[in-house]
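S.K.: below are the sequence and a predicted model for it; my questions follow.
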Amino acid sequence: MSKTVIREVILAKIEATYNTDPVPVEGTDAMLVGNASWAFEGVRMNERTAVRGTLGMLPQVYGGALKTVSFDAEVKGSGAAGTAPEIGPLLRACGLDETIVASTSVTYAPVSTGHESITIYYYQDGQRHILTGCRGNVSFSMEAGGIVKGSFTFTGHSVNQTDTALASPTYNALVPEPYLNAAFTIDGYSAAIAALSFDLGNQLAMPADVSAVDGYSDIQIVSRDVNGSFDPEMTTEAVEAWEANFRSGALMALAAGSFGSAGNIVSITMPEVYYREIAPGDRDGIRTYDISFGSVDVTTADSEVSIAFT
């Protein structure tokens with residue numbers, strides 16, 4: 001028997017109707033990802049208790065399951081302003097709405113209704129997993145000089161994997177820009193940071209449904225808690241009121257700064273963040289703060305974060 005090696009391909013496409021496979025194709029729906037994996041989610045195994053003349057157990061009965069797929073993807077533009085990036089469908093299935101301004105920009109921001117879903121084809125060297133009705137969550141990692149990445153996890157409905165030849169995908173050839181020359185600001189102050197991370201904090205509900213083949217109804221995003229952290233160099237309170245803002249619960253604007261070049265510029269903003277925790281830190285002998293924050297939509301609904309590609 002031949003051995004399998006690690007060769008993997010991910011295809012993903014927005015569904016016109018929830019849980020209906022739109023049949024992603026390798027020429028237009030391939031996602032350049034890394035660290036891909038899958039797992040069962042919500043497996044029901046029913047124990048059978050019986051009084052018998054032995055201490056042994058009866059076989060458990062399988063009662064349905066979902067699947068999750070997780071992977072990292074580069075955050076980059078399409079190469080043309082106003083054209084959605086390769087990861088656009090992934091962002092949309094994480095509860096973000098897509099707004100396109102022709103020849104100008106594509107922007108993603110949260111919505112609380114009408115969440116879209118995707119179908120994912122996950123190829124693993126001779127086998128294919130198909131997950132339909134997928135919705136999920138994403139967190140972002142941004143480090144000075146590094147490639148910005150989104151870590152996605154999707155949950156969907158799935159049947160048995162099948163023996164299928166590996167797809168031959170076509171990826172967007174654009175190279176991602178490093179997180180450099182970006183004017184990071186918090187509360188209007190230009191802070192020197194080494195890293196910023198944030199998470200949409202989506203919570204999924206997977207309600208039971210006896211009429212479904214897998215025993216589960218629509219996978220739904222039922223809440224989100226946009227949160228993150230950054231590590232500014234320490235200053236006096238007169239320069240920037242770090243602790244005073246923490247104690248008062250002040251709402252402040254955070255801008256990760258634009259980085260990249262035309263067709264591949266990424267800009268991330270959060271209009272209303274507040275500090276959840278401040279702790280002292282150290283970066284190469286320089287005093288810093290380790291700050292965790294939450295992002296809210298007190299003034300404008302669904303405005304916790306905006307991710308723009310131009």
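M.R.: That came through, no problem. Numbers count the residues shown, from 1 in each chain.
S.K.: quick one: the helices in the stretch 101-250 of the chain?
M.R.: Secondary structure of the stretch 101-250 of the chain, counting by DSSP state H, counting those that start in this stretch: helices at 242-248.
S.K.: please enumerate the strands of it.
M.R.: Residue ranges of the strands in the stretch 101-250 of the chain, as given by DSSP state E, counting those that start in this stretch, are 105-110, 118-124, 127-143, 149-158, 162-163, 185-186, 195-199, 203-205, 220-223, 227-230.
S.K.: sheet partners, orientation included, of the third one?
M.R.: Partners of strand 127-143 in the sheet, by DSSP bridges, are strand 118-124 (antiparallel), strand 149-158 (antiparallel), strand 162-163 (antiparallel), strand 195-199 (antiparallel).
S.K.: redo those as CSV? Include mean neighbour count.
M.R.: Placement of C-beta: from N, CA and C, glycine included. Output for these, formatted as CSV (neighbours: other Cβ atoms under 10 Å):
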stretch, mean neighbour count
strand 118-124, 23
strand 149-158, 23
strand 162-163, 8
strand 195-199, 19
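S.K.: which of the ones you listed sits closest to residue 175?
M.R.: strand 149-158 (14.0 Å; Cβ to Cβ).
S.K.: gap between the closest one and the chain center?
M.R.: Centroid separation for strand 149-158 versus its chain: 7 Å, with Cα atoms, centre = their mean, to the nearest Å.
S.K.: what do you get for stretch 262-281?
M.R.: 16 Å.
S.K.: do stretch 192-209 as well
M.R.: Using Cα atoms, centre = their mean, the offset of stretch 192-209 from its chain centre is 7 Å.
S.K.: for that stretch, measure first residue to last.
M.R.: Using Cα to Cα, to the nearest Å, the end-to-end distance of stretch 192-209 comes out at 51 Å.
S.K.: redo the strands of the stretch 101-250 of the chain as CSV? Include mean pLDDT.
M.R.: Listed next are the strands of the stretch 101-250 of the chain as CSV, based on pLDDT from 0 to 100:
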stretch, mean pLDDT
strand 105-110, 98
strand 118-124, 97
strand 127-143, 98
strand 149-158, 98
strand 162-163, 95
strand 185-186, 98
strand 195-199, 98
strand 203-205, 98
strand 220-223, 98
strand 227-230, 98
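S.K.: of those strands, which is nearest residue 82?
M.R.: So among the strands of the stretch 101-250 of the chain, strand 105-110 is nearest, using Cβ to Cβ, at 6.3 Å.
S.K.: rewinding a little: could you export the strands of the stretch 101-250 of the chain to TSV, including columns for distance to residue 45?
M.R.: Listed next are the strands of the stretch 101-250 of the chain as TSV, based on distance: least, Cβ to Cβ, whole Å:
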stretch	distance to residue 45
strand 105-110	36
strand 118-124	23
strand 127-143	20
strand 149-158	17
strand 162-163	23
strand 185-186	48
strand 195-199	31
strand 203-205	21
strand 220-223	24
strand 227-230	34
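S.K.: so which of those strands comes closest to residue 177?
M.R.: For the strands of the stretch 101-250 of the chain, the distance to residue 177 is smallest for strand 127-143, at 11.6 Å, taking Cβ to Cβ.
S.K.: list the buried ones in the closest one?
M.R.: By 16 or more other Cβ atoms under 10 Å, the buried positions in strand 127-143 come out as 128-142.
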